[in-house]
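Q: I'd like to go over a predicted model; first the sequence, then the structure.
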Amino acid sequence: MSTSSHVFAPCHVAILAGGQGTRLATRAGNLPKPMVPVMGKPLMQHQVELCRDHGFFDIALLVHYRHEAISEHFGDGSQFGVRIRYEVEAAPRGTSGALRDALPVLAERFLLLYGDTYLDVDLTRLWQHHIAADADATLFLHPNDHPHDSDLVEIGHDGTVRGILPYPRAPGQDHRNLVNAALYVLERKGLEAYTPTEGKADIAKHMFPAMVSAGRRLAAYVSPEYIKDMGTPERLDKVERDIEFGLPERLSRRGLRQAVFLDRDGTLNHEVTHLRAPEQLELIGGVAAAVRQLNRNGHLAVVITNQPVVARGDVTRDGLDAIHARLESLLGEGGAYLDGLYLCPHHPDKGFPGEVSELKIACICRKPLPGMIDDACRDLDISRAASWMVGDTTADIEAGRRAGVRTILLRTGHAGRDDKYPLRPDYTCPDLPAAADWILEGHAEMSQRMMPVAARAAQGVRLVLVGGLARTGKSSAAQVLKELMVPLGRTAHVISLDGWLMPVDQRPEGQGVLARFDVQAIVRELGDVVGSTTRTMLTMPIYDRDTRAMHRHTVAHSVGAQDILIVEGVPALLIPALAVGHCLRVHVEASEALRRDRLLADYRWRGVSEEEVHNLMSSREGDETGPVHESRILADFVISGMEVQE
């Protein structure tokens with residue numbers, strides 16, 4: 001029944017607000033759950049203000065426990081810019097029962113919110129999606145970090161709801177991590193048929209399954225926007241921490257989001273040739289924790305994967321769905337989730353038994369083409385400038401480069417050994433956990449350290465030399481400097497001195513680090529570019545540390561007369577003939593323990609024996625460490641740990 005005799009317009013919003021909030025009693029005392037303070041004001045006030053800001057002014061509050069506390073705060077809603085009416089339950093009827101009893105005051109189409117959720121959602125866009133889908137109900141779905149104890153929803157490729165999978169579920173089943181977030185747009189017509197007139201009933205467990213069984217059209221609206229229930233003290237604390245951190249804002253549609261695009265095989269899970277069954281999928285160690293890190297910091301985790309097994313006929317689309325349900329289940333066990341999964345089922349080559357002919361095409365989505373990244377950027381409002389592509393193949397890196405995002409090559413999976421395209425990642429990391437650390441912390445820290453160098457380099461500098469011992473972070477520092485030059489109006493090119501390494505069998509022993517390089521060629525070729533007053537083409541070989549030989553591919557730099565060359569390598573500060581004209585010299589160093597750990601990991605990744613590792617480390621110590629340390633005195637800047645010394 002209504003608490004007022006005033007004449008109201010039909011309400012376009014209903015908020016289920018009858019909960020007692022027993023689990024929040026330690027924080028709320030005897031307050032009803034929707035009145036629990038979040039960042040200093042009642043949770044429901046956040047909801048009312050969100051509805052108002054999206055043009056929904058007529059709101060029905062479906063109340064029961066201590067409803068007087070709610071009506072005393074909100075009154076008729078005028079002080080909040082809305083019109084509020086109260087529908088009071090005489091006895092609790094569950095979410096579906098409360099909704100059924102309030103249907104007479106609701107508009108033909110209305111939003112339904114739960115009074116125990118904090119949300120920052122574009123309600124207008126959700127409403128418009130519902131209309132475009134011509135649905136009887138639209139469910140807001142999102143992945144979360146605890147799918148095992150959440151209500152999940154199964155959807156088809158057309159975006160319609162196939163089934164409701166309420167918690168608890170039978171163990172040992174894999175499902176996509178699509179959680180019912182308890183936010184809906186509903187058509188009023190016929191809803192009363194799916195809830196009994198007496199007794200308790202639940203929307204997710206009873207009403208929606210009945211609607212699906214009856215053939216009513218339920219649409220899915222999948223979004224990474226922030227919506228969390230806060231029915232326990234722990235969840236309330238998490239919501240407030242997230243708000244303080246700015247997570248709802250980062251995930252909102254008010255600005256472009258940051259994303260990490262992830263290859264699947266060899267990046268998230270161990271590489272299996274033509275993986276075709278869920279039981280073959282096994283996560284690489286540390287992957288779930290790394291993805292969870294990205295989730296918690298507001299970076300969308302979006303899989304971008306070529307799956308030609310579908311075109312070959314090895315796996316059906318439903319079979320691929322089962323594989324990805326397994327992937328999401330394993331990530332969910334580690335408290336991690338994916339915000340999107342884009343796949344290319346095509347393959348250009350024909351003539352194989354069992355192939356699916358309509359998928360054997362030259363498409364625009366197969367990596368190294370950037371089609372899947374382009375689609376994700378459009379669908380999820382992603383900023384390319386703030387996003388990354390992480391993968392283990394040259395196709396992953398090339399797709400990221402063409403899409404205009406930063407790239408990280410991993411040394412898991414193929415580790416770039418596929419050799420299909422020029423290997424030119426912006427950064428290289430041993431695995432996904434290391435890549436996540438670099439994305440979330442390392443890159444920003446290095447950018448801060450390199451800012452003074454960039455400021456000086458922007459003042460007419462033509463050449464920057466970046467030297468230091470092996471595995472101190474020279475190449476990363478050089479790449480960060482290149483990025484910092486863009487907003488300063490200078491184009492920069494990173495040139496690795498490894499491109500002039502002598503073949504292994506031609507390197508003399510015991511003659512120092514410079515003897516490993518073709519120094520004459522370095523001075524001649526770089527001197528020609530630096531001294532040129534016109535655009536010059538510099539074609540560089542790419543050194544493969546794995547094979548200790550040059551790749552068959554090369555990288556060409558078209559260097560303008562005002563462009564900056566950033567030359568990085570162990571001997572960069574040891575070649576006097578390079579430091580000519582307006583030149584900056586940078587020495588990069590790291591703690592000896594960290595550097596040695598990196599060297600050891602690098603050698604072991606290459607499969608070098610322990611005895612050879614010892615010999616190589618000793619050799620470096622003898623002919624490299626001393627001269628490089630001494631070159632430190634020549635530097636204009638020393639990048640050491642978190643400090644920058646001039």
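A: Right, received. Where do you want to start?

Q: So in this structure, which helix runs the longest?
A: helix 317-333 (DSSP state H).

Q: List of residues touching that helix?
A: Applying Cβ atoms under 8 Å, 6 or more residues apart in numbering, the external contacts of helix 317-333 come out as 143, 145-148, 157, 174-177, 264, 268-269, 275-279, 281, 283, 287-288, 291, 303, 307, 309-310, 315, 337-338, 341, 343, 345. The way it works is simple: take the backbone N, C-alpha and C, and place the C-beta from them, glycine included.

Q: Of those residues, select the buried ones using a ChimeraX command.
A: Buried members of these, defined by 16 or more other Cβ atoms under 10 Å, are picked up in ChimeraX with:
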select :143,145,147,148,174,175,176,177,264,268,269,275,276,278,281,283,287,288,291,303,307,309,310,315,337,338,341,343,345
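
Q: quick revisit: report the angle between the helix or strand just after the longest helix of the chain and helix 317-333.
A: Sequence-wise, the next helix or strand downstream of helix 317-333 (DSSP states H and E) is strand 340-344. Going by axes from the mean of the first three to the mean of the last three Cα atoms, to 10 degrees, strand 340-344 is angled at 150 degrees with respect to helix 317-333.

Q: what does strand 340-344 rub up against?
A: With contact meaning Cβ under 8 Å, 6+ apart, strand 340-344 is reached by 224, 300, 302-308, 320, 324, 363, 365-367, 371-373, 375-376, 379-380.

Q: Just the buried residues of those.
A: With burial judged by 16+ other Cβ under 10 Å, the buried subset of the contacts of strand 340-344 is 224, 300, 302-308, 320, 324, 365-367, 371-373, 376, 380.

Q: Next step: those residues restricted to strands.
A: Of the buried ones among the contacts of strand 340-344, the ones assigned to strands by DSSP state E are 300, 302-306.

Q: my guess is residue 416 meets residue 392, correct?
A: Yes: with contact defined as Cβ atoms under 8 Å, residue 416 reaches residue 392; the gap is 7.0 Å.

Q: out of the two, which sits in the more crowded spot?
A: residue 392 (28 against 23; other Cβ atoms under 10 Å).

Q: tell me the contacts of that one?
A: Taking Cβ under 8 Å, 6+ apart, we find residue 392 in contact with 263, 266-267, 271, 409-416.

Q: out of those residues, what pair is the most spread apart?
A: Using Cβ to Cβ, the two most remote members of the contacts of residue 392 are 271 and 409, lying 14.4 Å apart.

Q: When these two are compared, which one has more neighbours?
A: residue 409 (25 against 16).

Q: Give me the below-cutoff pLDDT ranges for this protein.
A: Counting by pLDDT under 70, the chain has low-confidence residues at 1-7, 20-21, 25, 28, 546, 548, 641-646.

Q: By residue count, what's the longest strand in it?
A: strand 549-559.

Q: circling back: which ones among the contacts of helix 317-333 lie within strands?
A: Those of the contacts of helix 317-333 mapping onto strands are 303, 341, 343, per DSSP E.

Q: Could you export those as CSV, including distance to residue 352?
A: Output for those, formatted as CSV (distance: Cβ to Cβ, whole Å):
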residue, distance to residue 352
303, 26
341, 26
343, 19
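
Q: and which of those is nearest to residue 166?
A: Set against residue 166, the nearest of these by Cβ to Cβ is residue 341 (23.5 Å).

Q: and the closest one, bridged to which residues?
A: residue 303 (DSSP bridges).

Q: Do you have the strands of the stretch 351-500 of the chain handy? List them.
A: Taking DSSP state E, counting those that start in this stretch as the criterion, the stretch 351-500 of the chain contains strands spanning 388-391, 406-410, 427-429, 463-467, 492-496.

Q: Against which helices or strands is the third one packed?
A: This points to strand 427-429. With contacts defined as 3 or more Cβ pairs under 8 Å, 6 or more residues apart in numbering; DSSP states H and E, strand 427-429 has these neighbours: strand 406-410, helix 474-485.

Q: What is the burial count for the nearest residue to residue 427 once chain neighbours are set aside?
A: Leaving aside its chain neighbours, residue 427 sits nearest to residue 408 (4.8 Å; criterion: Cβ to Cβ, 6 or more residues apart in numbering). Here the number of neighbours of residue 408 (other Cβ under 10 Å) works out to 26.

Q: What of residue 577?
A: Around residue 577 there are 12 residues (other Cβ under 10 Å).

Q: Not counting its neighbours along the chain, what's nearest it?
A: Spatial nearest neighbour of residue 577, chain neighbours left out: residue 523 (4.5 Å); criterion: Cβ to Cβ, 6+ apart.

Q: Show me the chain divided up by domain.
A: The chain is divided into the following domains under automatic domain parsing: 11-235, 256-429, 444-645.

Q: Present those domains as a markdown table; the columns should include distance to residue 437.
A: Putting the domains of the chain into a markdown table (distance: least, Cβ to Cβ, whole Å) gives the following:
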| stretch | distance to residue 437 |
| --- | --- |
| domain 11-235 | 19 |
| domain 256-429 | 8 |
| domain 444-645 | 10 |
